[in-house]
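J.: sequence and predicted structure are below.
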Amino acid sequence: MIPLPSSSDKLNPTQAIVTDLLASAARQGELGIAWGRLILGIAVTLIWPIVHWNNLLALVPRVVAAFALGVLALIWTLYVFYRLRNANPSRALTYTSIAIDAVLINSLVMMYVIAPGASHQSIVEVHSTAFVYIAIVSAGVRFSRAAAYFGAAINSVMLIALVATSTIRVDNLRIIGGAEWLTVGIGLIGSTVLAVRIATRTGRLVAQAAEETQRSETARSKLGAYISPEVADKVLKESELRLGGERQNVAVLFSDLRGFTTYSESLEPEEIVEQLNDYMSVMVDTITQHGGIVDKFIGDGIMAVFGAPIPKPDDADRAVECAQDMMRAIDKHNQERKSKGLSKLKHGIGVHYGPVVAGNVGTPARAAYTVIGDTVNLASRLESMTKQVEADLIVSDEALQNCTRAHGIARIDEIHVPGRSGAVTIHGT
């Protein structure tokens, strides 16, 4: 089991998960006990007065005390509900609840024993003492061994005191014998062991669950470095890898650095990687902010998709807005490069919208989630034609027609794209 750190320790991710899960479980346990206390309080404050109404009016101490205990249970329970409405239980609240429950249970058991007409010679003979053992076990539901030991200790002291002083018949006085003490001892030890076992076992299970969760998050995080978080989630949720895909409409964005190959000839490989990573980091952040996923890196180019694996009504809008923000982002990035004495970068971007097949492509041994179709090809061609039409950004007419918002992009012309029979209307800046 992972040891829980003190409040002064710095939590590692797994310990933080354990702490959060145990705190949440303790809150549910405390709320469950509070509901039981509420039922007990209602029974004592409503049912007891009805049964013993005359004694209550006559202020018989036993009946009045029982009524007061019921009111205490109700007041404390309402306070617990109030404190736990949006928070986990504090240590003070937990230990106070255990103490109050011990007082309530043991007092009510004693009152049952000394009720008029009771035929019991000792509290050990009363079946309601089982509630004391239940109170001890319930302390373990707080999922803290310390709380379990505290509950066992305070209930044991009270029950032992009751056993030692609970002979009823003055004319038939007898000393509590070994059998009675053995019965009490077995009950107290058994309930204490069970309470501690519940707290310990639950903590161990929570720790194991936290470790599994942390491993899963680590795997997802590492997987997300190679594929988008959305695709990573989709892959992890599937029980087995299924090749093939689904036909759907998406927006595809291609960007490519202009002249970077020539520029990189004068750089060391380490410098090329460093500068590319800096540029890619800025562009990927921009794509992610607009809800796109990076399908792949192609040298110094990027292919991004909007609408797969999860399509949205504004996929075309987000792709166009992302492209515009990428143009602003590279301007800002160039300012940083200038301060470092580096030359200016320039890129071209093409955006198209249309049908693709999105899914796993490859073999069962090695596959990749991607989108395939003429839409992808045309988006790539549009990006490559930015130099020809002297534009930094080209957006197809289909992409703009599927936009629901205005983007301030002017029509450029109709162009003939290699491999396509008809002309393509393009817009850009």
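T.: Okay, I see it.

J.: check which helices and strands the longest helix seen in the chain sits against.
T.: As assigned by DSSP state H, the longest helix anywhere in the chain is helix 178-224. Identification of packing neighbours for helix 178-224 by 3 or more Cβ pairs under 8 Å, 6 or more residues apart in numbering; DSSP states H and E yields helix 13-42, helix 130-140, helix 145-165, helix 229-237. (Glycine included, C-beta is placed from N, CA and C.)

J.: I'd like the average pLDDT over the following helix or strand past the shortest one.
T.: Later in the chain than helix 229-237, the nearest helix or strand by DSSP states H and E is strand 244-257. Averaging pLDDT along strand 244-257 gives 91.

J.: for Ala130, give me its contacts.
T.: Gly187 (Cβ atoms under 8 Å, 6 or more residues apart in numbering).

J.: spell out which residues make up each domain of the protein.
T.: 13-220, 229-428 (automatic domain parsing).

J.: weakest of these by average pLDDT?
T.: domain 13-220 (a mean of 76).

J.: that older thread, just the angle between the longest helix of the chain and helix 13-42, please?
T.: 140 degrees (axes from the mean of the first three to the mean of the last three Cα atoms, to 10 degrees).

J.: next, the angle from helix 178-224 to helix 130-140.
T.: Using the same axes, to 10 degrees: helix 178-224 against helix 130-140 is 20 degrees.

J.: tell me how far helix 178-224 lies from the chain's centre.
T.: Offset of helix 178-224 from its chain centre (Cα atoms, centre = their mean, to the nearest Å): 21 Å.

J.: re the thing from before, reformat the helices and strands packed on helix 178-224 as TSV; add distance to Val252.
T.: As requested, these are exported to TSV (distance: least, Cβ to Cβ, whole Å):
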stretch	distance to Val252
helix 13-42	36
helix 130-140	58
helix 145-165	57
helix 229-237	15
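
J.: how close does Pro309 get to Glu246?
T.: 9 Å (Cβ to Cβ, to the nearest Å).

J.: what touches both of the two?
T.: By Cβ under 8 Å, 6+ apart, the residues touching both Pro309 and Glu246 are Ala358.

J.: quickly find the element holding the spatially closest residue to Ala308 that is not a sequence neighbour.
T.: Leaving aside its sequence neighbours, Ala308 sits nearest to Ala358 (Cβ to Cβ, 6 or more residues apart in numbering; 4.0 Å). Assigned by DSSP H and E, Ala358 belongs to strand 347-362.

J.: most tightly surrounded among the helices and strands packed on helix 178-224?
T.: helix 130-140 (a mean of 23; mean count of other Cβ atoms under 10 Å).

J.: from the chain's centroid, how far away is it?
T.: 32 Å.

J.: cool, stretch 413-426 as well?
T.: Relative to the centre of its chain, stretch 413-426 is centred 49 Å away, using Cα atoms, centre = their mean.

J.: where does Pro89 sit: helix, strand or coil?
T.: Assigned by DSSP: H, G, I helix; E, B strand; the rest coil, the conformation of Pro89 is coil.

J.: I'd like to know how many residues surround it.
T.: By other Cβ atoms under 10 Å, the residues close to Pro89 number 23.

J.: which residues does it contact?
T.: Applying Cβ under 8 Å, 6+ apart, the residues contacting Pro89 are Ala23, Ala26, Arg27, Glu30, Val80, Arg83, Ser97, Arg142.

J.: again with Val141
T.: Taking Cβ under 8 Å, 6+ apart, one finds Gly29, Gly32, Ile33, Ile198 in contact with Val141.

J.: and of the residues you listed, the nearest to Lys346?
T.: Gly29 (61.8 Å; Cβ to Cβ).

J.: ok, the closest one touching Ala147?
T.: No: shown here, Gly29 and Ala147 do not form a contact pair, counting by Cβ atoms under 8 Å, at 9.7 Å.

J.: follow-up on the earlier one: got a markdown table for the contacts of Pro89, with distance to Ala16 too?
T.: Conversion of these to a markdown table gives the following (distance: Cβ to Cβ, whole Å):
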| residue | distance to Ala16 |
| --- | --- |
| Ala23 | 11 |
| Ala26 | 16 |
| Arg27 | 17 |
| Glu30 | 21 |
| Val80 | 26 |
| Arg83 | 23 |
| Ser97 | 26 |
| Arg142 | 20 |
